[in-house]
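*Asks:* Give me a model of this one.
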Amino acid sequence: MYEAGIKAAYLDGKVNTSLAVFRIAQDNVAVQDGDHLVGGTGNPAYRGEKGVTSKGLEAEVSGELARGWQLIAGFARADARAADGSRLQSQRPNNMAHLYSTYRLSGNWSALKVGGGLTWKSGTYATTTTSTDVQARRDQGAITLASLMASYEISRQLSVQLNIKTCLTRPTLTLPAARSTTARRASSR
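*Replies:* Numbers count the residues shown, from 1 in each chain. The predicted structure is shown next:
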């Protein structure tokens, strides 16, 4: 197991950067147990997985570009693999990136701050066994989310904020009947 990172500040501390890499080997990691549910609930069941290796990196830069203008941007990659090399937690994206910015207005409008940003997430997939004993895979392509915000500082102790989020990419879910779906009898595994 290792984790290494570095942080740096520039322009008298107005801009900060960080970079970290990691590799972790673990046993008894909770992973979803196929299509099994916890008895009497609709919650997925989990089991302990041995020999899991997770590795990845995180990078981020943040700071004040000009008076009142803040920016933060980053990228993260995390990949968890079972002892046999198969991907774990495939329903979570391996890669994510974000870019957000805010601006506090000046003068008579200095109580108002506006901002926006983008978050990108790489594609994911999930496998399931259907009621006819067919193993099916459902893919979700990469998505980009946009967000806008406005906040107004009523006093030093109280502010109100409005957040709006939307998906810029048309979410797609590849269903078992679609061409790119892999389907096979569970008994032929």
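
*Asks:* what residues does the helix or strand hosting residue 45 touch?
*Replies:* Here residue 45 sits within strand 44-49, counting by DSSP states H and E. Residues outside strand 44-49 that contact it (CB atoms under 8 Å, 6 or more residues apart in numbering): 27, 28, 29, 30, 31, 32, 33, 36, 37, 38, 82, 88. For every residue, glycine as well, the C-beta is placed using N, CA and C.

*Asks:* wait, isn't the fifth one in contact with residue 87?
*Replies:* So the one you mean is residue 31. No. Look at residue 31 against residue 87 with CB atoms under 8 Å: they stay out of range, at 10.7 Å.

*Asks:* that older thread, Provide the strand pairings for the strand holding residue 45, with the direction of each partner.
*Replies:* Strand 44-49 has the following strand partners under DSSP bridges: strand 29-37 (antiparallel).

*Asks:* where does this structure have low pLDDT?
*Replies:* Applying pLDDT under 70 to the chain picks out residues 170-189.

*Asks:* again, only this time at 90
*Replies:* Residues of the chain that meet the criterion pLDDT under 90 lie in 1, 28-49, 82, 85-92, 124-141, 166-189.

*Asks:* Could you point out the longest strand of it?
*Replies:* Ranked by residue count under DSSP state E, the longest strand found in the chain is strand 52-66.

*Asks:* Bridged to the residue nearest to residue 34 when sequence neighbours are not counted, which residues?
*Replies:* Leaving aside its chain neighbours, residue 34 sits nearest to residue 129 (7.0 Å; criterion: CB to CB, 6 or more residues apart in numbering). Here residue 129 sits in beta bridges with residue 135, as judged by DSSP bridges.

*Asks:* now swap in residue 96 and tell me
*Replies:* Beta-bridge partners, per DSSP bridges, of residue 96: residue 76, residue 121.

*Asks:* all numbers from here: first residue = 16
*Replies:* All set: I'll call the first residue 16, so the last point we hit is now residue 111.

*Asks:* how many neighbours does it have?
*Replies:* Residues near residue 111, counting by other CB atoms under 10 Å, number 16.

*Asks:* again with the one 4 residues further on
*Replies:* Under the neighbour criterion other CB under 10 Å, residue 115 is assigned a count of 17.

*Asks:* which residues does the residue nearest in space to the middle of the chain contact?
*Replies:* Nearest to the mean C-alpha position of the chain, counting by CA atoms, centre = their mean, stands residue 111 at 5.3 Å. Residues near residue 111 by CB under 8 Å, 6+ apart: 90, 91, 92, 134, 135, 136, 137.

*Asks:* Many thanks, have a good one.
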